[in-house]
Structures are given as C-alpha cells and as structure tokens.
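1. please find the sequence and the predicted model below.
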Amino acid sequence: MKATRVDRIATFFFWILGMISVGILFIIVGEIFARGLFIALKPSFFLGKPEAMKEGGGILPMIVSSIYLAVLTLLISLPLSLGAAIYLAEYSRGGKITRFIRFCADSLSSLPSIVFGLFGLAIFVVRLGWGYCLISGAFTLALLNLPTLMRSAEESLKSVPKTYREASLSLGASRWTTVRQVVVPSSLPGIITGTVLSIGRIMGESAALIFTTGTFIRKIPLNPFQTAAPLAVNIWYTQSEALVPDYRNIVNGGAAFLLLMVLVVNLVARYIGKFYRRRKGLS
Amino acid sequence: MRIRFASRIALGMIAVLVAISISLAGCGNKQGETYSGTVKLSGSTTVLPLALEAANRFMERHSSVTVDVQGGGSSVGITQVKEGVVDIGNSSRELKKDENDGSLVDHKIALDVVVVVVHPDIPVDNLSKEQVKDIFTGKITNWKEVGGPDAAIVVVVRDKASGTREMFDEHALEKKESAKNAIECNSNGLVRETVSSTKNSIGYISLGYLNKSIKAVKYNGVEANLETAKSHTYTLTRYLHMFTKGEPSGAVKGFIDYVLSSEFQNEVVAKEYIPMQSI
Amino acid sequence: MLSISGPSLFIKQAMDYLRSIRKRELHIKVLLMICASVTFVGLLLIFIFVFRESLPAFTRLGLPNLFSTHWNPDVSHPEAGNYGMLPFVVGTLYTTLGGLLVGAPLGIGSAIFIDQIAPPKIGTAIGRGIELIASIPSVVIGWFGLTLLVPMIGRLTDTSGFGILAASLVLGVMVLPTIAALSLESLRALPSELKEAAYGMGATRWQTIYKVLLPAARRGVLVAVILGMGRAIGEAMAVQMVIGNSRQLTFSLTNGTSTLAARIVTDMGESSGVFRSALFAQGLILLILAMLLILTIRLVSREKKETVR
C-alpha cells in the first residue's frame, strides 16, 4: 500500500520535471517571439541597413554575414570531415590510429568555444594577418564543427549494410569506387541531415566569433576577407554597446530572427531525415 | 543511384569560388572619385559612435572607399595603429610615455565630459569629490551616508581598458582601485542601461549618453554641461584623439579632414561633445 | 582494339591499368588520412597557440600574481597590474555547480519521464522539445536572462540581480538538453529484460526506476552530467550578460562576480600586452579543465566496459 503511494507521488513528480523542461523551451521561445517577432518580420528591419547612431536600423548585412559564414565554414569543414569519416569508417576500422583520432575529435568537441575564439584570434587574425574577417571566422568555426560533422558522417557511413560493399567489391570495383558510388550515396541522407544541423550551430555561435569576424558592419560583405558581423555576434554587440536609442528593439528583433532561422534549420534537418527514412522504408 | 558525389561537390565548390572571385572583381575601383581604398579604424568605444557616423557619411560621399570601424578600447587602437593593423587608432586618452615612440601623429577630434549618474529614484543631487571617491572605491556602501535612502549602493563601472574608466580612476578616484563588487560594463551605453534598470545604482558615462532614463548628479557642486566644461569649472574632462602612424595621406587623410571639418564637427560632434573649433 | 596488338600488350595494358588503380587507391588513402589527422593537428595547434600567447603572463608576471585573488589590470603599465584569476576560477566552478544543480535533476528526471512514464507520443514530443532547447543560441538565452531573470532576481532579493544565481539559472537551461539526451540514451540502451524482471518480481514503477534502472544506467548518466559540466564551464556569452562581471571572490548567490570565459569576453577586445596574455592564460586554464573532464569521461566509460565483462 505504501509502495504504491510512493510510486504515485514519484510518477507525479516526474511528470512535473518533464513539463518544466519543455516549459522552459516554451517560455524562452514564447517570450523572445512575443517581444521580437513583429519587429523581425518587418521588411524594413530584416532587409534594412544597420544604423550606427540613429534609430530605425536593420540587420540585412548581419543576416548575410551569418549565411555567408555558414557557406564558407562548410566549404572548409565538409570535405575534411567527410574525408576523415570515410577514412575512419572504410579504411581503418578499429586500430590504434582510429582510437587516437577519435580521442582527438572527442577532445576537440569538448573544448569551450571561447577557446576556439582565442585560437582564431591568435592564429588567423594576428599571426596570419587576416584581421577580423569572414575567412578567419570560417576557419575557426570549421575546426569547431569538425568533430560533430565527422561523427555524424561516420555514423551514417557505418549504417550502410556490409552487403552493399561486398556486392560492389565482388563486381571488381576498387575500394574508392565502392565508397564513392555505393557507400557515400546510400549514406547521403544522414550526411545531409548532419550538415544542415551544423548550419544551425554555426548561425547560433557567437563566442568563437567575437574576436574573429568583427561585430558591426553597415555594408553587406562580399569578399571573404572583409570584416563581417554575424547576427548572433551582432546581438551581443548591440546589447553590450547599447548605442542606438532603439537598441532594445534591434536586439529583440534580431534575437527573434536568429531564433527563427535556427528553428527553421532544425526543422528542415528533421524533415530531411524523416523524408529519407520514409523513402527507405518504401523501397 | 549514380550520383557522382565527389565531382558534384567539386563542381559546387568551383561554382562558389567563381562567384566569390566575380564579386571580388566587382568591388574594384570606380573612376571619378578622389579617394579610394580602405580606411581601417579601431579603438576607444567612446570614439566609436563618432567614427561610425563619420564612416557612413564619408562612404556616402566617396563610394569607392570602404571605412571599417571596430571598437576595442583605446589601448587596442593605439597598439593596432602602431602595428599597422589599422590606419587610425581611436583613443579617449593621451599617449602613455611608453607608448609614445614618436611614430604616432595626434589628431584631437573632440572634448569629452564624463558625468556621474544615478538611478532616477535616488534623491541625491550633488556629490562632493570625496563622496564620489568613497562610493566608487567601496568605502561608502549605503546611500544614507550621502543623504539618500537606507539602501546598499550598487556601483557600476566601465571595464578596465576603457579610456573613460582610466580618466575617472585618475581624476575622480585619484588612482585608487574601484570597489571590488562593482558591476563592470563594456560601454557607455551599457552603463546607462544598467544604471537605469538597477535600483540604487550609480555609475559614470560620457555626457553624450545622458538621457531621461537616468539622473545626472552635480560633481562637487558643479553641473556637467558644455559651458562648465569649456570654462574648466567642471573637471572630469578629456580630449578624444585619432592617431595615425606618421602624417596621413590619401583616403586616411581625407577621412580625418572630414572628421575635423566644420560640417561634421557642428552636425555630429557638437551633439555630444565640445567641437574643436569652439575651444 | 586490344586483340590486334597481341596478347602480351593486352596483359601489359591490363597490368598498367591495375597498377594505376592501385596507385590511385594509395593516393586517396593518404589524402583521407590527412583529412582524419586534421583533428589531431587542430587540437595540437590550439594547445600551441593558446600556450604561446599565455607564456608572457607566466614568465613576466609569475604564478603568484596569476593565481592570486586580486584582479586589477593596469592598462598603461601592464606589467605593474594584478592579474589574479582565482575569483574567476571560483566563479566558474561555482556557477557550473549551480547550473548542474538546476539542469541535472531536470535533465535526468525528464529522461526517466520520457523513457518510463510518459505515453509514447507525449514522450517523443517532450524529447524533441528538449532537443530544441540545445539549438537556442546562447546570446538569445543570455538576452532572455538579462531582460527577464536579472530584474526578477533583483526584485525578489532586493539586490542588483546580476550574479551567480542568474548565471546558474542560465547555465541550468543550457546543460539541460545535453544531460537529458545522454541520460535518455543510456536508459534506452538497458536491456528490456531488466525492466521486465523487476516488474515480474512485483516492483512498482518507482522501485524499478530507483532500484534497478538508475543503478544500471548510472555510468551513462554520470557521463551525461560530466558532459553537461563541460558545456557549463566554457559558456561565455550568456553568462557574461548576467553575471555582473565584478572582480570579487564571492560565495553569495546574489553577488556579482565573473567566470573565466566571461572575463575573457569582457576584457579581451580591449586588452594588450601582458593583460591580453593573462587572459590567454585564463583560456589555457579553461582548456586544461575541459581536457580533465574528457579524461574523466574516458576513465568512467572504460570502467563501464570492464564491469560489463
């Protein structure tokens, strides 16, 4: 009798914990959207030019910076992580080298992003003399994102059934041909999902970028060696400078827009995963 | 499924690279302008708003010039202009002895006035030099000691590298350390926001940042304004500088000339600071 | 046509072809190896550069200066300043602990809820929701904390509101998804016979969870908490926005202080010389803390394998 009562109390307690956890999501997203979404979705805001001193500025160059940065980062990290994943999954299964590389990747993924920021500042901005620019930020983020991209690519490569490989190899195809024409294409959904998810992470990243890309711009950056201001970094900068009279509006709107972008990217990733899974199920 | 994955990625990368190089070529020089190229500035966050506004106006006039302004604090500006990372180092303080190796040329661009501010609910209107010093160094911790309500004082200061803090520490605190529990903010704007939204708080900002959300207090019986600053009866003042490595030339010279022009001084500088012409 | 040139040439051509394939295979393997070694090279470079930049602080300021409780940089004469980072080391550990106290019960509890108690549909929905928390950018959480939590704490405690409590709450939100996801994973990895056996013996749900499932999954849950800790220790932006960035060593929940990462964000842009180097030294400490955590995880999961055997 007592045990069942304890059980009932515990059950109730766990319900509460679960509800608080999602509650946090709804409170944060709800609050940010309630405050900023109507600002964020005004074309004069998200297509507008930033103001340095006056009110009424927009955030277009920041949005472009974020997207540009994501593209550049993936251009660097995607081939590298795919290559590394193929090596780990197809060429050296097990073994000391694999274990060592995996240890390095794990360590890399557990480093705080501010440390990556310091590193990027020391090597790309100062040592190589690139200054605050997109490419400095892209290299920094490429390293930051490498372990997760690698891990997701490796996992999707490994999920390809062995029989596929055996069939291809028995037809006389070389290993690389097998990888390129059989293994990679059939693990593509997983790789794409992982890539899209990392776009979300890149867009939300700020600590690794405040010392590498720059924090405020007015012109849309075209050249990757130009100073940029990704939206997340600019939100921090805008609240920390509180320069323009309507800075609260700008931060509210910017935060809502950033959150919207990140959530959309995440939903897209999930949809892609689901879509491919369904298709696989049918075939 | 016969996707040639590697070649597709390669193609995609080539396409993006081509796009980048086209856009690079696209931002080459347009003829017919006096100035072209890039002017890079960094340094004091006090100078930052001026520099940003000057950059906008200058770029509108000279469309083939890119003026790139970053903050960082006076020390960063001075270091970076020496290193050649930027063309102009903004500073809200004079050069230190060990910084002054003769390579930098000083361009004074405005006179700044620092004012002590409190949360609007604090009924204190005047603080003596001693009181300010004791509050900011943590000796006085309750408002009732200076004629306010019985409440703990929340001290808000600037970050250590800011020229405003340096000037304030030197003149108002006579080089004493500010209170250890003081909240540190990165900018004039953030000090204003923090003081205006935090009960029982006190801080200091540039005169140009003063607005209705906070309350300015008299310093030693003197109200901070342009008149008292010009007549030197108000003492928490300093010059703002732009430093260049050697005499400036080309677009850099054009930019500094524009900052010192009567148009910019009267339309922008005068709103927050005292223009150079009137000193 | 091959046959026209005779069989010997055909063999030679075939051999050449095979050789070229083998050569290509080798090239590709080397190329892939280079890709894989980037993680190692990157890790090494990070260590080298952060260490090199912090070296002047160690040699010119000395350990007693760096590990004191007195933080008072001198901008005009950097070497005359005090760069004691202990208040921020304490702040880092304290806020991390606070974050875990908030995030771990919520995370582990939610994982148990999803795995054992919730109806499948609600469980998946809640799991997805918690996953989404992880994708909220830290500046957004920081802004939320600054504009909502800080004033609220200020009103309730009659202080400024900035400080360790605000930072802990913000960190709690940030470690929650990590801890929940990994705990859930380790709970799901448990063999279903375990649960069935417990129920078969007449145990209630709570008894099963408390006496059977949690002990069985404890190492996985421990790893989840340690990884959450890693996230909390290094979080910079959100903490910097709500902690007040004071330089005092404090243990009071409502006092302002700073963490290593927050200090770096506050001062790095404005520093030069030994001052900057001292900030890099703080980064180095963060780096070492993170590496210690990953080694701890290795230790924990290695023991796990042994006990399973």
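-> Arrived safely. Model, not experiment: these values are computed from the prediction.

2. longest helix in the chain, please.
-> Unless you meant another one, I'm taking chain A. helix A:2-40 (DSSP state H).

3. the chain in question should be chain C.
-> For chain C, the helix with the greatest residue count under DSSP H is helix C:7-56.

4. just the CA atoms of the helix or strand just after it, as CSV, please.
-> The first helix or strand that comes after helix C:7-56 along the chain, using DSSP states H and E, is helix C:63-66. Output in CSV follows, covering the C-alpha atoms of helix C:63-66 (Å, rounded to 0.1, in the frame of the first residue of the first chain):
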residue,chain,number,x,y,z
LEU,C,63,52.4,32.3,-10.9
PRO,C,64,51.9,34.1,-7.6
ASN,C,65,50.5,37.1,-9.5
LEU,C,66,48.3,34.9,-11.8
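
5. does the following helix or strand past helix C:63-66 come close to chain B?
-> For helix C:63-66, the succeeding helix or strand toward the C-terminus, using DSSP H and E, is strand C:71-72. Yes. Against chain B, strand C:71-72 shows contacts by Cβ under 8 Å from any Cβ of the partner chain at C:Asn72. In this view, the C-beta of every residue, glycine as well, is placed from N, C-alpha and C.

6. touching strand C:71-72 from outside, list them.
-> With contacts defined as Cβ atoms under 8 Å, 6 or more residues apart in numbering or on different chains, strand C:71-72 is touched by B:160, B:177, C:81-85, C:87-88, C:247.

7. and of these, the nearest to chain A?
-> Among the contacts of strand C:71-72, C:Phe88 lies closest to chain A (Cβ to the nearest Cβ), at 12.5 Å.

8. pLDDT wise, what is whichever residue of the stretch 201-309 of chain C sits closest to chain A at?
-> When scored by Cβ to the nearest Cβ, the stretch 201-309 of chain C has C:Gly234 as its residue closest to chain A, at 2.1 Å. C:Gly234 carries a pLDDT value of 92.

9. how about C:Ile114?
-> According to the prediction, C:Ile114 has pLDDT 95.

10. now swap in B:Glu53 and tell me
-> What the model reports for B:Glu53 is a pLDDT of 83.

11. got the contact list for it?
-> A:52-53, B:268.

12. and which of those residues is nearest to chain C?
-> For the contacts of B:Glu53, the closest approach to chain C (Cβ to the nearest Cβ) belongs to A:Ala52, at 17.5 Å.

13. find the nearest non-adjacent residue to the closest one, please.
-> With Cβ to Cβ, 6 or more residues apart in numbering or on different chains as the criterion, A:Ala52 has its nearest non-adjacent residue at 3.3 Å, and that residue is B:Leu52.

14. that neighbour: neighbour count?
-> Residues lying near B:Leu52 (other Cβ atoms under 10 Å in any protein chain shown) number 22.

15. element containing it, please.
-> When secondary structure is defined by DSSP H and E, B:Leu52 falls within helix B:48-61.

16. just checking: what are the partner strands of the following helix or strand past that helix?
-> Next along the chain after helix B:48-61, taking DSSP H and E as the criterion, comes strand B:65-72. Paired neighbours of strand B:65-72 in the sheet (DSSP bridges): strand B:37-43 (parallel).

17. residue contacts, the nearest residue to A:Ser44 once chain neighbours are set aside?
-> With sequence-adjacent residues excluded and distances taken as Cβ to Cβ, 6+ apart, A:Ser44 is closest to A:Gly58, at 6.4 Å. Counting by Cβ under 8 Å, 6+ apart, A:Gly58 touches A:44-50.

18. ramachandran coordinates for A:Gly58?
-> Dihedral pair for A:Gly58: phi -120, psi -170, per degrees, to the nearest 10.

19. what about chain C, any weak spots by pLDDT?
-> Along chain C, the model assigns pLDDT under 70 to residues C:1-6, C:76, C:270, C:303-309.

20. so what are the domain limits for it?
-> Domain segmentation of chain C under automatic domain parsing yields C:2-60, C:85-308.

21. need these in TSV with distance to A:Arg8 and mean neighbour count, can you?
-> Formatted as TSV, the domains of chain C follow (distance: least, Cβ to Cβ, whole Å; neighbours: other Cβ atoms under 10 Å in any protein chain shown):
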stretch	distance to A:Arg8	mean neighbour count
domain C:2-60	50	15
domain C:85-308	8	21
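
22. what residues does the stretch 51-200 of chain B put near chain C?
-> B:71-76, B:79, B:96, B:98-99, B:152, B:154, B:159-162, B:166, B:177, B:180-186, B:197-199.

23. residue in chain B nearest to chain A?
-> Nearest residue of chain B to chain A (Cβ to the nearest Cβ) works out as B:Gly189 at 2.9 Å.

24. I'd guessed that residue sits against A:Tyr247; true?
-> Yes. The pair B:Gly189 and A:Tyr247 qualifies as a contact (Cβ atoms under 8 Å) at a distance of 7.0 Å.

25. any idea how far C:Ser246 is from C:Trp206?
-> The spacing between C:Ser246 and C:Trp206, counted by Cβ to Cβ, to the nearest Å, is 44 Å.

26. just want the most central residue of chain B.
-> B:Thr46 (1.5 Å; Cα atoms, centre = their mean).

27. what's the local residue count around the closest residue to it other than its chain neighbours?
-> Spatially, and ignoring its direct neighbours in sequence, B:Thr46 is nearest to B:Ser92 (4.2 Å; Cβ to Cβ, 6+ apart). B:Ser92 has 27 neighbours, counted by other Cβ under 10 Å.
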